[in-house]
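Visitor: I would like the atomic coordinates for the input below:
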Amino acid sequence: MKISVITAVYNRSETIGDAIESVLAQQNVELETIVVDGDSTDGTSDVISQLGDQVSRSIREPDLGIYNALNKGLRAATGDVIGFLHADDWLAYQDALADVSRLMADSNVDGVYADLEYVNANDPDRVHRRWVSGAYDVRKFRRGWMPPHPTVYFRREFYDQFGLFNEDLRTAADYELLVRMMVRHGAKMAYLPRVTVKMRVGGASNASLTNRLNANRDDRQAWSINGLKPPIGLRFTKPLRKLPQFLRR
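Guide: This next block holds a predicted model:
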């Protein structure tokens, strides 16, 4: 079983090396590493080039945003299972993808998700939030639950059958994709109860009040465009779900 890991990047020369090297360091698993660089100007491309053919596929060209870049990676991927790693993040331990592969070896499993830690950008040992996903129950989506997208891996057939990221949703295309795959199309998910990804604080969808308001709007659209009625109070339940993350440090 081959796992494709896609990283989209733009001007992240200080962190992209850590992200890619955490993938290359994975043990006991067949890997495909795909990096989509939106024509960076800060030396990011030099860092990628220095890794040479250790990177399975490198795409460098302007894009129309992160979801456009991730879709380019999806179209290029040849793995049986596909996941994503942001340019500021890294895989938390060397057998993370082997654990994903072990769970995906069950033909009844369509996808895997795990836990995630938000860490200080300058002091990675300092944990700001710990996102413990918990056992899977699709009904929890209606109470504001979602798994951390950087920990999610789906079989490639799900993308072939049900589509890529919706690029019209600027702040919640990852959430919409999860709703589409897991709620609308009933993906059978397995939970890996370990932190597989470390994320530096400061994501695009929660960087400002304006972005948070846009994300609330896009969260509701994520349901309606899939022919599903948005849960009542989603704008409140989804943020409230994050509160326990601050208590698990």
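Visitor: any weak-confidence spans in the chain?
Guide: Judged by pLDDT under 70, the chain has its weakly predicted residues at 202-215, 233-249.
Visitor: could you pick out the longest strand of it?
Guide: Criterion DSSP state E: the longest strand present in the chain is strand 189-200.
Visitor: residues near the closest residue to residue 89 other than its chain neighbours, how many?
Guide: Sequence neighbours aside, residue 199 is the residue nearest to residue 89 in space, at 4.7 Å (criterion: C-beta to C-beta, 6 or more residues apart in numbering). For glycine as for every other residue, the C-beta is placed from the backbone atoms N, C-alpha and C. Neighbour count for residue 199, taken as other C-beta atoms under 10 Å: 23.
Visitor: in the sheet, who's paired with residue 199?
Guide: Using DSSP bridges, the bridge partners assigned to residue 199 are residue 89, residue 118.
Visitor: excluding chain neighbours, what is closest to the spatially most central residue of the chain?
Guide: Nearest residue to the geometric centre of the chain (C-alpha atoms, centre = their mean): residue 150, 2.4 Å. Excluding the flanking residues, the one nearest residue 150 by C-beta to C-beta, 6+ apart is residue 197, at 4.7 Å.
Visitor: so the one you found sits against residue 88, correct?
Guide: No - Residue 197 lies out of contact with residue 88 (C-beta atoms under 8 Å); the separation is 10.7 Å.
Visitor: of these two, which one has the most company?
Guide: residue 197 (25 against 20).
Visitor: what residues are up against the more buried one?
Guide: 85, 89-92, 96, 114, 116-117, 148, 150-151 (C-beta atoms under 8 Å, 6 or more residues apart in numbering).
Visitor: what's the answer for residue 71, then?
Guide: Neighbouring residues of residue 71 by C-beta under 8 Å, 6+ apart: 164-165, 167.
Visitor: among the contacts of residue 197, which ones are in helices?
Guide: Among these, the members found in helices (DSSP state H) are residue 96.
Visitor: ok so, going back, quick check: buried residues in the longest strand of the chain?
Guide: Residues 189-192, 195-200 are the ones in strand 189-200 that count as buried (16 or more other C-beta atoms under 10 Å).
Visitor: related to what we said a few turns ago, what subset of the contacts of residue 71 is buried?
Guide: In the contacts of residue 71, the ones that pass as buried (16+ other C-beta under 10 Å) are 164-165, 167.
Visitor: redo the residues you listed as CSV? Include distance to residue 122 and secondary structure.
Guide: Putting these into CSV (distance: C-beta to C-beta, whole Å; DSSP: H, G, I helix; E, B strand; the rest coil) gives the following:
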residue, distance to residue 122, secondary structure
164, 34, coil
165, 31, coil
167, 33, coil
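Visitor: quick revisit: distance check, the residue nearest to the centre of the chain against residue 116.
Guide: 6 Å (C-beta to C-beta, to the nearest Å).
Visitor: give me the common contacts of these two.
Guide: Taking C-beta under 8 Å, 6+ apart as the criterion, residue 150 and residue 116 both touch 197, 199.
Visitor: could you pull out the helices for the chain?
Guide: Using DSSP H, helices in the chain cover 16-24, 44-50, 66-76, 96-104, 156-162, 173-178, 209-224, 234-240.
Visitor: mind putting the ones you listed into TSV with distance to residue 10?
Guide: Listed next are those as TSV, based on distance: least, C-beta to C-beta, whole Å:
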stretch	distance to residue 10
helix 16-24	10
helix 44-50	7
helix 66-76	8
helix 96-104	25
helix 156-162	23
helix 173-178	16
helix 209-224	17
helix 234-240	27
